[in-house]
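K.L.:
pasting the sequence and the predicted coordinates here, then a few questions.
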Amino acid sequence: MTQVSLLEGLKQDLAELVAIPSISAAGYPEPTRSQLLAAFEHVTELFRAAGVQNLGSLDLPDTAPVLTGDIPAPDGAPTVLLYSHYDVVPAGDEALWTSPPFVPVERDGAIYGRGSADSKANIIAHVGALRAWDGKPPVGIKLVIEGQEEVGGGALTTYPPTAPEAFACDAMVIGDMGSVRPGVPTLTVALRGMAMVTVEVTTLAGAKHSGQFGGAAPDALLAVLRALSTLHDDDGNVAVEGLRREEWDGESYSDDEFRALAEVQDGMPLIGTGGLGSRVWSGPAITVTGIDVPSVDNALNAVSPYARATINLRVHPAQDAVQAQEALIHHLRSLRPFGIELQVSGGATGNGFAAETGGVGYEAARAAMRSAWGIDPVSAAGGGSIPLVNALAAAAPGAEILLVGATDGYANIHAPDERVLVEELERAVAFEAAFFGELAERWRG
């Protein structure tokens with residue numbers, strides 16, 4: 001098969017997969033549940049045709065089916081686990097899309113559609129790499145392709161350590177990332193962790209007239225707002241003791257790139273000081289993601305008797321997320337705005353990830369990226385998280401973990417007009433195919 005015919009076939013496969021609206025979010029029941037299963041079956045057949053054996057479904061409670069399978073390793077060769085996910089987020093307001101989100105369209109060198117980048121292109125990259133070796137790569141293969149990553153992974157996130165033999169491998173290719181910008185091969189070597197905290201207070205039995213009682217009656221909303229204002233300093237840096245921050249020494253976005261990607265309004269400053277990488281990748285971030293307050297349209301002239309806010313904390317990749325959550329809880333509990341005690345509770349947590357990058361797997365990956373892109377790769381990080389990575393690492397503690405993929409920083413994932421560049425998809429396939437060969441060669445040596 002020529003490289004051109006391989007790419008054309010993969011583009012068609014991607015278009016067919018994008019056309020399946022495999023939304024995993026709550027609130028999307030049938031027929032969307034059947035579409036998740038349709039995507040699972042479609043992906044299964046793609047890998048079957050690519051030479052994967054023993055294909056099966058890992059069925060866990062309240063979790064979309066997980067595709068598993070393998071190709072036995074040649075004698076003395078390493079085994080590589082390939083991960084990605086077939087579920088997608090909802091399309092949002094379809095009026096904001098140039099073309100319908102589940103009608104894949106190729107234009108201007110890109111394939112547009114929900115899930116084209118996140119993460120169906122990465123599934124196709126796995127398939128393409130196996131096709132490039134005619135289904136007989138020089139390494140062993142294990143598959144873990146899930147269908148619930150966008151909503152936390154379900155029971156899969158805790159399963160791998162309970163069945164380590166099923167996930168035993170020497171290297172993992174986590175296909176859910178990509179290049180920091182088009183044309184720049186990127187190894188994502190760190191992911192921030194996450195923790196949720198809720199702060200609330202009740203000060204009165206009910207709302208009271210602000211003219212009669214305002215000025216002395218304890219205002220719950222003012223107390224919560226005053227507490228939230230202590231979480232950052234005047235420059236916008238996180239001001240909670242015990243949260244780890246370090247300067248980022250890898251690749252990063254320029255301020256102008258970040259402004260464009262974040263769609264920052266003209267005249268608005270970026271908050272915080274220090275390197276951009278340390279603000280979004282190797283340091284903490286605190287975001288108030290929700291607050292219960294009277295709406296402006298329905299506001300009454302009354303002192304608020306109750307207020308609540310939920311806080312999302314992003315954590316340094318190497319800091320324990322529970323420890324970081326405890327630091328934030330301690331900070332809030334130590335406050336007494338206007339003498340009012342706050343009720344503070346912790347929610348979900350998830351540790352970050354920091355890769356060990358000195359082994360033969362990373363040597364092979366760097367060489368394969370040079371081959372596919374023609375330049376040396378850079379190291380970057382991710383501000384978000386991939387729930388399964390730490391569970392896989394616990395199940396196979398000796399495996400090197402590579403976070404890579406076909407997407408790029410401008411792909412509009414989770415946004416209108418999501419797209420994957422055809423050239424980046426082609427390079428991702430070439431990289432992964434070359435990685436199999438480079439790893440096998442170095443393993444022998």
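P.N.:
That came through, no problem. Residues are numbered from 1 along each chain as shown.

K.L.:
every contact and neighbour count from this point should use C-alpha atoms.
P.N.:
Will do.

K.L.:
tell me which residues of the lengthiest helix in the chain are tucked away?
P.N.:
The residue-count maximum for a helix in the chain (DSSP state H) belongs to helix 422-444. The neighbour-count check on helix 422-444 (16 or more other C-alpha atoms under 10 Å) flags 422-440 as buried.

K.L.:
that helix - contacts with which helices or strands?
P.N.:
helix 121-132, helix 360-373, strand 407-408 (3 or more C-alpha pairs under 8 Å, 6 or more residues apart in numbering; DSSP states H and E).

K.L.:
R308: which of these is closest?
P.N.:
Nearest to R308, of all the helices and strands packed on helix 422-444, is strand 407-408, at 37.1 Å by C-alpha to C-alpha.

K.L.:
now do stretch 121-132, average pLDDT.
P.N.:
What stretch 121-132 shows for mean pLDDT is 98.

K.L.:
if we can go back for a sec, would you turn the helices and strands packed on helix 422-444 into JSON lines with mean neighbour count?
P.N.:
Formatted as JSON lines, the helices and strands packed on helix 422-444 follow (neighbours: other C-alpha atoms under 10 Å):
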{"stretch": "helix 121-132", "mean neighbour count": "26"}
{"stretch": "helix 360-373", "mean neighbour count": "21"}
{"stretch": "strand 407-408", "mean neighbour count": "28"}
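
K.L.:
would CSV of the ones you listed with distance to A73 be doable?
P.N.:
Converted to CSV, these look like this (distance: least, C-alpha to C-alpha, whole Å):
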stretch, distance to A73
helix 121-132, 13
helix 360-373, 16
strand 407-408, 29
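
K.L.:
nearest to A227, of the ones you listed?
P.N.:
strand 407-408 (37.8 Å).

K.L.:
so what strands line up beside that closest one?
P.N.:
Strand 407-408 pairs in its sheet with strand 178-179 (parallel), by DSSP bridges.

K.L.:
now what about the strand it pairs with, what contacts it?
P.N.:
185-188, 403-409 (C-alpha atoms under 8 Å, 6 or more residues apart in numbering).

K.L.:
ok, 6 Å please
P.N.:
185-186, 404-408 (C-alpha atoms under 6 Å, 6 or more residues apart in numbering).

K.L.:
so who does E251 touch?
P.N.:
Listed by C-alpha under 6 Å, 6+ apart, the contact set of E251 reads 379-380.

K.L.:
just confirm it is within a strand.
P.N.:
No: applying DSSP: H, G, I helix; E, B strand; the rest coil, one finds E251 to be coil, outside a strand.

K.L.:
and the longest helix of the chain, what's its mean pLDDT?
P.N.:
pLDDT averaged over helix 422-444 gives 98.

K.L.:
orientation of it relative to helix 360-373 in degrees?
P.N.:
140 degrees (axes from the mean of the first three to the mean of the last three C-alpha atoms, to 10 degrees).
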